[in-house]
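Visitor: Sequence first, predicted model second:
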Amino acid sequence: LYQVAKFARRNRALSSGVGIAFVGLLIGGAAAIGQARTAMGQRDRAEKALAESQRVTEFVQSILIQADPKAFGRNRSVRDALDRAASRIDLEFADAPHIRAAIHETVADAYWATGELTTAEEHFRASLASHEADEPRDPWAAHLTEMKLVRLHLFVGDTDAAEERLADMEDARLATQGSAPLMTSNLLALRGQLARLRGDFGRSADLFREAIAFRRDAPGVQGPAIARYYMELAESANLEERDQDEAVALAREAVSIYRSTLGPEAPATLWGTMELTWFLSFRGRVDDLVEAEALLRHALTAQIEVS
């Protein structure tokens, strides 16, 4: 992490150009380290985990070097570095499928952020294949990767592919007990998105309500996820034109949850605030428009200050 920060300070222009995609890859390296360290319980397993984390660190540092214009000239693009990194994953981590899965997933996120959707899908699938090769298999990690793949299908409007993947995920959930409430809520939310994309807004709203109910029953702090579902429910309710007042109330509830769990200046809170301004503007009352303008000014100012 020190190397990442040092690189960013020395190459501010490049770092800003990297954006979400490349920063995501670096964070993914750290996530892979974290996954490797979950095995730290006994001395031999701890030594193995530390060795794996060192491999990931070296991999990330090599990517930083490839992206450094001082080392390779300004003609070397961030995309070149990303492509080179992606081509090395399977070879460098052939004996560590859990790390391979994490890095493939993060590379997929990076390609998605840069608009390379076909390549992103390839890496999501490679991540899932690595999860399948892992012993013991981590069903929750595989589930999260599959969620991203479904969202990618929905993003490009491929409802049939999303439906097929969701069916596979539901079969996997039936075989998993420990994470059932969280998995169930995620699947309901994805089906809510699918129903909305197909124009069935009433069904979509009902699915998001079910997702919220299951998420509330899940262990741990679920505030941000519930807030996201409230916002999704607000969108479906608004599109159905059943009750715009309900849509505004749901969006307010989502922002309130984001504020209380993440803080008023958190990115998710600011995103939720801007979504709320859209619902207020859509309802169109005079006081709504005044409030929407004030909220939008606040959110934009906060984003500028954070950046």
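Guide: Good, I have the coordinates.

Visitor: CA only for contacts and neighbour counts going forward, please
Guide: Noted.

Visitor: What distance do you get for Arg216 to Asp138?
Guide: 23 Å (CA to CA, to the nearest Å).

Visitor: Neighbour count for the two, which is higher?
Guide: Arg216 (18 against 12; other CA atoms under 10 Å).

Visitor: Quick one: list the elements packing against whatever helix or strand that one lives in.
Guide: Using DSSP states H and E, Arg216 sits within helix 201-217. Identification of packing neighbours for helix 201-217 by 3 or more CA pairs under 8 Å, 6 or more residues apart in numbering; DSSP states H and E yields helix 180-197, helix 223-240.

Visitor: out of everything not next to it in sequence, what's closest to the residue nearest to the spatial centre of the chain?
Guide: Of all residues in the chain, the one closest to the mean position by CA atoms, centre = their mean is Lys148, 7.1 Å from it. Ranked by CA to CA, 6 or more residues apart in numbering and with sequence neighbours excluded, the top spatial neighbour of Lys148 is Phe124, at 7.8 Å.

Visitor: got the contact list for the one you found?
Guide: 104-105, 108, 145-146, 148-149 (CA atoms under 8 Å, 6 or more residues apart in numbering).

Visitor: same question, Arg209
Guide: Contacts of Arg209 by CA under 8 Å, 6+ apart are Leu233.

Visitor: related to what we said a few turns ago, can you list the helices and strands packed on helix 201-217 in CSV and add mean pLDDT and distance to His153?
Guide: Formatted as CSV, the helices and strands packed on helix 201-217 follow (pLDDT from 0 to 100; distance: least, CA to CA, whole Å):
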stretch, mean pLDDT, distance to His153
helix 180-197, 92, 10
helix 223-240, 90, 17
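
Visitor: of all these, which lies closest to Leu250?
Guide: Leu250 lies closest to helix 223-240 among the helices and strands packed on helix 201-217, at 5.5 Å (CA to CA).

Visitor: Next, the angle helix 201-217 makes with that closest one.
Guide: 170 degrees (axes from the mean of the first three to the mean of the last three CA atoms, to 10 degrees).

Visitor: Show me what helix 223-240 packs onto, helices and strands only.
Guide: Secondary elements touching helix 223-240 (3+ CA pairs under 8 Å, 6+ apart): helix 180-197, helix 201-217, helix 244-262, helix 267-283.

Visitor: again, only using 7 Å
Guide: Applying 3 or more CA pairs under 7 Å, 6 or more residues apart in numbering; DSSP states H and E, one finds that helix 223-240 makes contact with helix 201-217, helix 244-262.

Visitor: who wins for proximity to Phe282 among these?
Guide: helix 244-262 (8.2 Å).

Visitor: And for that closest one, what's in contact with it?
Guide: 223-224, 227-228, 230-231, 234-235, 237-238, 268-269, 272-273, 276, 279-280, 283 (CA atoms under 7 Å, 6 or more residues apart in numbering).

Visitor: In terms of helices and strands, where is Gly199?
Guide: Counting by DSSP H and E, Gly199 is found in no helix or strand.

Visitor: Tell me, how many residues neighbour it?
Guide: Neighbours of Gly199 (other CA under 10 Å): 14.

Visitor: Same check on Glu291?
Guide: 16.

Visitor: Just to be sure, Glu135 is in a strand?
Guide: No: applying DSSP: H, G, I helix; E, B strand; the rest coil, one finds Glu135 to be coil, outside a strand.

Visitor: Show the backbone phi and psi for it.
Guide: phi -130, psi 120 (degrees, to the nearest 10).

Visitor: Compute the distance between it and Val107, please.
Guide: Glu135 is 22 Å from Val107, by CA to CA.

Visitor: Comparing these two, which residue is more hemmed in?
Guide: Higher neighbour count among Glu135 and Val107: Val107, with 29 against 10, using other CA under 10 Å.

Visitor: Remind me which helix or strand that one belongs to.
Guide: helix 97-113.

Visitor: which helices and strands does that helix pack with?
Guide: Looks like helix 97-113 contacts helix 12-37, helix 78-92, helix 117-133 (3+ CA pairs under 7 Å, 6+ apart).

Visitor: For Gly272, which residues are in contact?
Guide: Contacts of Gly272 (CA under 7 Å, 6+ apart): Val255.

Visitor: any idea of the pLDDT on it?
Guide: At Gly272, the model reports a pLDDT of 94.

Visitor: again with Ala175
Guide: 67.

Visitor: Arg10 too?
Guide: In this model, Arg10 carries a pLDDT of 45.

Visitor: Next: Thr57.
Guide: 69.

Visitor: Over to Ser179?
Guide: Ser179 is given a pLDDT of 55.

Visitor: closest one to Thr159 among the helices and strands packed on helix 223-240?
Guide: helix 201-217 (14.1 Å).
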